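Asker: With the sequence up front, the predicted model follows.
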Amino acid sequence: MIFIVSSNCLLVKIERADIIFLMVTLKNLRQQISTVAASVEEQLPQINETTRCEELRVHLLGRKGEVTQLFKLLGKLPPQDRPIAGQLLNELKKKVTAALACRLTALGSAPQQSQSKTERIDITLPGTYHPHGHFHPLSQVQQKIEEIFLRMGFTVAVGPEIETEYYNFEALNIPAHHPAREEWDSFYIDETHLLRTHTSPVQIRIMEERKPPLRIICPGRCYRRDNQDATHSPVFHQVEMLWVEKQLSLANLKYIIELFVKEFFGKRYQMRFSADFFPFTEPSIQVHIRPPYSTDWLEIMGAGMVDPIVLQEVGYDPDQVTGFAFGLGIERMAMLRYKIDDIRLFFQNDLRFLHQF
Ligand code: DAH
């Protein structure tokens, strides 16, 4: 008679070479169970990778795993011992499964995630970057100005960039050889056509078309023969405001401009008027603002009460209606709002600049 100690430490008794009896007792099954449990307890804390954890799971609970093999021995026990042995094995299986899951969680991976590397989603990765554009800072400023006046009941009007001398000058009370024409040094296209030097001609065009009352703002591109430097550009943008109605006064104009400055720059900016001259307004004023961070007064626009001569020119009766208007430079407003000190930045299309708005 030979006794062999197998890898499972089961006593195997071989009576004859061709007849094998496995002598399984409850006692040595218990020993097996505690050996497996102890070995799991010892090995698990040393495992630091989820793949190693998976290997151990297969080694224990897989089809040929140690725990699975122990279940197969159940049938070899004396019948009266089987219920208790089954219970012990189930407990072992539960314990091993729970310990493995616990270790996987500690390693930062849910049990199912370890099953397939390809299906894993790392929610900590940054999202995909989808770049999208935005409006040019000058367009943004123009839109902001429009928005403020639309809320006050104004409508947006536009006119042509190629103008006649009549609309750009004469109708605005700037006759030929008037010294004020020099202020608007122009690009002429032919004898009588030029690139408009301001948005004021749109006032004339709209007044010719419509009857008062009238409340419009006219944004648009303008051109002057200026050399480019930090504060001048031959191409620039203006917004014109015009309100014509019965009994409008300079006080109304002041109120509208004050409201606009508060909305556009914020309440902490101060504002002041001073006298000026424009051929198409009487009286004419200049508007300055003082930012909270500065001691300087900065000019933001020219304005005034529409000159009765201009009203007459478009067929309005200056005894019936009065009007006021202003003209401001969009670049200037943007430069003051964003503290930009060089107008050329707006036209260079440098993305490092544009991305900041
Ligand atoms: N058009 C003038 C310019 O370009 C600005 C201006 C001044 C417009 C007074 C107005 C105004 O409507 O009333 O310099």
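Answerer: Arrived safely. Residues are numbered from 1 along each chain as shown.
Asker: and the residue of the stretch 151-300 of the chain found nearest the ligand, what does it touch?
Answerer: Going by CB to the nearest ligand atom, the ligand is nearest to His198 of the stretch 151-300 of the chain, at 3.3 Å. C-beta coordinates here come from the backbone N, C-alpha and C atoms, glycine included. Contact partners of His198, counting by CB atoms under 8 Å, 6 or more residues apart in numbering, are 168, 184, 222, 238, 240, 327.
Asker: run the last query once more with 6 Å
Answerer: Shown in contact with His198 (CB atoms under 6 Å, 6 or more residues apart in numbering): 222, 238, 327.
Asker: ok, and which of those reach the ligand?
Answerer: Counting by CB under 6 Å from any ligand atom, Gly327 from the contacts of His198 sit close to the ligand.
Asker: Just put the contacts of His198 in CSV and tack on secondary structure, neighbour count and pLDDT.
Answerer: Below are these laid out as CSV (DSSP: H, G, I helix; E, B strand; the rest coil; neighbours: other CB atoms under 10 Å; pLDDT from 0 to 100):
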residue, secondary structure, neighbour count, pLDDT
Cys222, strand, 24, 98
Gln238, strand, 25, 98
Gly327, strand, 22, 98
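Asker: Please tabulate the contacts of His198 in CSV, including the columns distance to Tyr293.
Answerer: Formatted as CSV, these follow (distance: CB to CB, whole Å):
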residue, distance to Tyr293
Cys222, 29
Gln238, 26
Gly327, 26
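Asker: Looking at the contacts of His198, which is nearest Gly108?
Answerer: For the contacts of His198, the minimum distance to Gly108 (CB to CB) is 61.5 Å, reached by Gln238.
Asker: Distance of the closest one relative to Glu299?
Answerer: Here Gln238 is placed at a distance of 14 Å from Glu299 (CB to CB, to the nearest Å).
Asker: Mind listing the shared neighbours of these two?
Answerer: Contact criterion CB under 6 Å, 6+ apart; residues shared by Gln238 and Glu299: none found.
Asker: Can you find the helix or strand in this protein with the smallest mean pLDDT?
Answerer: strand 11-16 (a mean of 43; mean pLDDT, DSSP states H and E).
Asker: what mean pLDDT would you report for stretch 151-170?
Answerer: Mean pLDDT, stretch 151-170: 97.
Asker: Please apply the same query to stretch 297-304.
Answerer: 96.
Asker: Which residues does it contact?
Answerer: 278, 281, 283-290, 326-328.
Asker: same thing but at 8 Å, please
Answerer: 253, 257, 261, 272, 276, 278, 280-291, 324-329, 332-333, 336.
Asker: show me where the chain has helices.
Answerer: Applying DSSP state H to the chain gives helices spanning 26-43, 50-61, 66-72, 82-106, 137-151, 165-168, 200-209, 250-265, 308-313, 330-338, 351-354.
Asker: picking that back up, filter the contacts of stretch 297-304 down to the buried ones and hand me the ChimeraX line.
Answerer: To isolate the buried ones among the contacts of stretch 297-304 in ChimeraX, judged by 16 or more other CB atoms under 10 Å, type:
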select :253,257,261,278,280,281,284,285,286,287,288,289,291,324,325,326,327,328,329,332,333,336
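Asker: can you give me the end-to-end distance of stretch 121-138?
Answerer: Stretch 121-138 has an end-to-end distance of 43 Å (criterion: CA to CA, to the nearest Å).
Asker: Also stretch 324-341?
Answerer: 31 Å.
Asker: Excluding chain neighbours, give the residue nearest to the residue in the chain that the ligand sits nearest to in space.
Answerer: Residue nearest to the ligand within the chain: Gly327 (2.5 Å; CB to the nearest ligand atom). Nearest residue to Gly327, sequence neighbours excluded (CB to CB, 6 or more residues apart in numbering): Glu240, at 5.1 Å.
Asker: List the contacts of that neighbour.
Answerer: Here Glu240 is in contact with 198-200, 202-203, 216-220, 325-327 (CB under 8 Å, 6+ apart).
Asker: Fine, thanks again, bye for now.
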